[in-house]
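>>> Predicted model follows, preceded by the sequence.
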Amino acid sequence: MTVVEELRSVLPRDRVLSDPAELFVYEFDGFTIARARPAAVVFPSTTEEVSAVVKILAKHGVQIVPRGSGTGLAGGCVAFADGVIVSTVKMNRILKIDLENRVAHVEAGVRNTALSEEVAALPGGAVYHFAPDPSSQRASTIGGNAATNAGGIHTLKDFVTSNHVLGIEMVLSDGSILNCGGQNGCCEDGPFDLPGLICGSEGTLGIITKLWVRLVPKATDFRTMVATFTTTADACDAVSDIIAAGMLPAAMEMMDGAMVRAVEDAFHFGFSKEAQAVLLIELDGIGPLLEWEMSKVTAICETRNAAKVEQSSDPSRRAALWKARKSAFGALGRISHSYCTQDACVPRSNLAEVLKRIAEIGLEHGLQIPSAFHAGDGNIHPIFLYDDADDSQVQNTLHAAEKVLKYCIEIGGTVTGEHGVGVEKLHLMPYLFDRATMDQFQRIKSAFDPQQQINAGKLLPSDKVQVQLLKPGRHVPQ
Ligand SMILES: Cc1cc2nc3c(=O)[nH]c(=O)nc-3n(C[C@H](O)[C@H](O)[C@H](O)COP(=O)(O)OP(=O)(O)OC[C@H]3O[C@@H](n4cnc5c(N)ncnc54)[C@H](O)[C@@H]3O)c2cc1C
C-alpha cells in the first residue's frame, strides 16, 4: 500500500487530501517566500487518529509537519522533502471550562478567540478570557500559539503563551502519547517544566493535541491613548522613558509614518497622516490610579515632543483602536503585491537607532519598510514590501532582512520575539547561539525525535531536510 492508501485506511477519504489542486493552499504559510507542495494533508479529529497517522508516516520515513491555521510567519508549517501535513483544524472542541479554578481544557485546533468567546458566554464568564492576543487571534489556533509561544499586543503585561499553558498532551514521533503538566500546571509535572519546553518548539518535538490553559480576569477599567510624533526617535525615547519611570502599561504599540498612512487609508480610524510615528498605549487598573498614570504618560510624551496626545476611556474607541492595530499588516495588501514581516527583539533603549538603521537598509536596497510593532517589548516588526513574482525582488528582500536581523543580534538583540525561527531564520541560529548551546538544543530534539521525523529542518539545522532560501550574490536593484 502507498502512504496515502494507508492514511485512508485510518481516516475517511475526505480527511486525506492528495490532489495537487487541493494541496496548493498548503504550500506556504504567512511567510510566502518559503513554498513546497506537501505529499498529502491529513485532518485527524482525535488524539488516537493523530497517533495512528504518525505511526504510518514514521514507518514510511515520511516527514511529519504539524499545522494549525497556517498563519505562521516563518515557514514553520510548510512541508519540505515530500512531507505530509498533519492539520489540527478538525480538533477544535473545547473540552472543559472550569471558571472556579480559572482553567480550560481544549483541543489544539481551537481558535484563540473561540475560547474567550465561549468563556464570556457562560454565567459569570464575562470577566475572564484567554489572555494571549496575537493579531492573528481570530484565525490562529491555541496549539499553534503554544508551538510558536505567540505574543501579542498585551504581552507587555500579560506575557507570552507559555505563561498561560498549564498542561500539554502531545503525540511523539513514534505515535506514543505524552501527557505533561495538567490543570494544576507543572507542579503535577515532576522535575522538569515540559510544557514550558514544548511551548516555542515550533512543532519539532511532536504534535500537540490538547492543552490545559489559564483563564485570567479581564481588565475592567482602562484608558487608551494615541500619542502622535513628528519623529520616530522621539516616539521610541518616550517608550523607554515610560518604562524607566516604573510604569507597566497593558500595551504600548508603535506604528511608523508609512504604516499610519496605510492603516488610515484602509480603516479611517482618525490617525494624523502627517505623523511620523504613533504610539498606542493602554493602561489598566483602578480609576484614580489610572488618571494619575495617564497624566504621567502624557507628560512624558509631551516632554518627548508629542504633537498630540488623545486620551479615552470609551470602550468602543478602545475596540476600534485595537482593531485598527491588529489589521495593520492587512492594510499593506492595498499598497503592495507581497510583504515579508520580520520579527526581532532589541533592548528598548536601542529602538531609535534600530529604526534608523532599518531606514538606511531600506535606502541601500531600494525597499519600502514600514513598521508596526510591540514597542514596549522591544519587539520590532519591519515589514518589507516587494513583488513575489520577481525573483530578484525576493532575494533583495531576503538579503535586506538578513542585514536587519544581524544588526539586531550585534546590538544585543535576538532574531525572533514571537513569530519563531521556522525555515526563515534558521541560518541565523548559529550566528546567535554558540556551539555548546546549539549542541544542547540538538540533544533535546533527539530526545523527543531521534529519527528527525517531525518538522526536521525547522528551528534547528538538520542533515535530513535542508532548505536554502537565500541565494548568494548581489541582488540590490541598480
Ligand atoms: C496578520 C498576522 C498577524 C500576526 N500577529 C502575531 C502576533 O501579534 N504575535 C505572534 O506571536 N504571532 C503573530 N502572527 C504569527 C502567527 O499567527 C502565530 O505564530 C500563531 O501562533 C500561529 O498559529 P497557527 O495556528 O496559524 O499555526 P501554524 O502557522 O499552522 O504553525 C506555526 C508553527 O507551529 C507549529 N504547530 C502548529 N500547530 C501545532 C501543533 N498542534 N502541535 C505542534 N506544532 C504545531 C507548526 O509546525 C509551525 O511550526 C501573526 C500572523 C499574521 C498572519
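Looks like it arrived, so ask away.

>>> Could you pull out the strands in the stretch 351-478 of the chain for me?
Secondary structure of the stretch 351-478 of the chain (DSSP state E, counting those that start in this stretch): strands located at 372-373, 379-380, 383-386.

>>> out of the ones you listed, deepest packed?
Of all the strands of the stretch 351-478 of the chain, strand 372-373 carries the top mean neighbour count, a mean of 28, counting by mean count of other CB atoms under 10 Å. Heads up, the C-betas are built off the backbone N, CA and C, glycines and all.

>>> Would you mind listing the buried residues in the longest helix anywhere in the chain?
Longest helix in the chain, counting residues (DSSP state H): helix 391-410. Within helix 391-410, the residues that count as buried by 16 or more other CB atoms under 10 Å are 393-405, 407-408.

>>> how about the nearest residue to residue 425 once chain neighbours are set aside, phi and psi?
Distances taken as CB to CB, 6 or more residues apart in numbering put residue 415 closest to residue 425, at 4.7 Å, once the chain neighbours are dropped. With angles defined as degrees, to the nearest 10, residue 415 sits at phi -80, psi -10.

>>> State the helix or strand in which residue 118 lies.
Element membership of residue 118, judged by DSSP states H and E, is helix 112-121.

>>> What is that helix packed up against?
In terms of contacts (3 or more CB pairs under 8 Å, 6 or more residues apart in numbering; DSSP states H and E), helix 112-121 is packed against strand 94-98, strand 103-107, strand 128-129, helix 142-148.

>>> That helix and the ligand, any residue contact?
No - judged by CB under 6 Å from any ligand atom, helix 112-121 stays clear of the ligand, getting no closer than 7.9 Å.

>>> can you list contacts of that helix?
92, 94, 97, 99, 104, 106, 125-126, 128-130, 132-134, 136-138, 140-142, 145, 213, 215 (CB atoms under 8 Å, 6 or more residues apart in numbering).

>>> any idea how this structure splits into domains?
Listed by automatic domain parsing, the domain ranges of the chain are 3-87, 94-217, 222-331, 336-420.

>>> Need those in CSV (columns: mean pLDDT).
What follows is those, written out as CSV (pLDDT from 0 to 100):
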stretch, mean pLDDT
domain 3-87, 97
domain 94-217, 95
domain 222-331, 95
domain 336-420, 96
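
>>> Mind putting these into CSV with distance to residue 445?
Below are the domains of the chain laid out as CSV (distance: least, CB to CB, whole Å):
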stretch, distance to residue 445
domain 3-87, 14
domain 94-217, 6
domain 222-331, 31
domain 336-420, 15
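
>>> Please identify which of those is closest to residue 450.
domain 94-217 (7.7 Å; CB to CB).

>>> Pull up the residues of the stretch 51-200 of the chain that are close to the ligand.
Residues of the stretch 51-200 of the chain lying near the ligand (CB under 6 Å from any ligand atom): 65-73, 76-77, 88, 108, 134-136, 140-141, 143-145, 147-148, 150-152.

>>> From these, which land in strands?
Taking DSSP state E, the ones among these that sit in strands are 65, 66, 67.

>>> which among the residues you listed gets closest to residue 159?
The closest of these, once distances to residue 159 are taken by CB to CB, is residue 66, at 23.6 Å.

>>> Quick check: bridge partners of that closest one?
residue 86 (DSSP bridges).

>>> The residue in the stretch 301-450 of the chain that the ligand sits nearest to: what's it in contact with?
The ligand sits closest to residue 418 of the stretch 301-450 of the chain, with a gap of 3.3 Å, by CB to the nearest ligand atom. For residue 418, the contacting residues are 134, 148, 149, 150, 151, 152, 155, 160, 343, 374, 379, by CB under 8 Å, 6+ apart.

>>> Distance of residue 97 relative to the ligand?
20 Å (CB to the nearest ligand atom, to the nearest Å).

>>> I'd say that residue and residue 104 touch.
Yes - assessed by CB atoms under 8 Å, residue 97 is found in contact with residue 104 at 4.9 Å.

>>> Throw the strands of the stretch 351-478 of the chain into TSV and include distance to residue 360, thanks.
Output for the strands of the stretch 351-478 of the chain, formatted as TSV (distance: least, CB to CB, whole Å):
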stretch	distance to residue 360
strand 372-373	18
strand 379-380	15
strand 383-386	14
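
>>> Distance to the ligand added to those, as a markdown table?
Shown next, in a markdown table, are the strands of the stretch 351-478 of the chain (distance: least, CB to the nearest ligand atom, whole Å):
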| stretch | distance to the ligand |
| --- | --- |
| strand 372-373 | 9 |
| strand 379-380 | 9 |
| strand 383-386 | 10 |
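
>>> I'd like to know which of the ones you listed is closest to residue 350.
Closest among these, using CB to CB: strand 379-380, at 9.9 Å.

>>> contact partners of that closest one?
So strand 379-380 is in contact with 151, 155, 342-346, 351, 354-355, 358, 371, 373, 408, 417-418, going by CB under 8 Å, 6+ apart.

>>> Spatially nearest residue to residue 83 (excluding sequence neighbours)?
residue 63 (3.2 Å).

>>> Enumerate the residues of the stretch 351-478 of the chain near the ligand.
Neighbours of the ligand within the stretch 351-478 of the chain, by CB under 6 Å from any ligand atom: 418, 419, 422, 455, 458.

>>> May I ask which of those residues has the most neighbours?
The most crowded member of these, judged by other CB atoms under 10 Å, is residue 455 (35 neighbours).

>>> which ones are touching it?
Residue 455 touches 63, 64, 65, 66, 76, 202, 203, 204, counting by CB under 8 Å, 6+ apart.

>>> mind putting those residues in CSV, neighbour count included?
Below are those laid out as CSV (neighbours: other CB atoms under 10 Å):
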residue, neighbour count
63, 23
64, 26
65, 29
66, 28
76, 30
202, 24
203, 27
204, 26
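
>>> follow-up on the earlier one: from the contacts of helix 112-121, list just the buried residues.
Using 16+ other CB under 10 Å, the buried members of the contacts of helix 112-121 are 92, 94, 97, 104, 106, 125, 128-130, 132-134, 136-137, 140-142, 145, 213, 215.

>>> Pull the contacting residues for the spatially most central residue of the chain.
Against the mean C-alpha coordinate of the chain, by CA atoms, centre = their mean, the closest residue is residue 419 at 3.7 Å. By CB under 8 Å, 6+ apart, residue 419 lies in contact with 72, 73, 74, 148, 341, 343.
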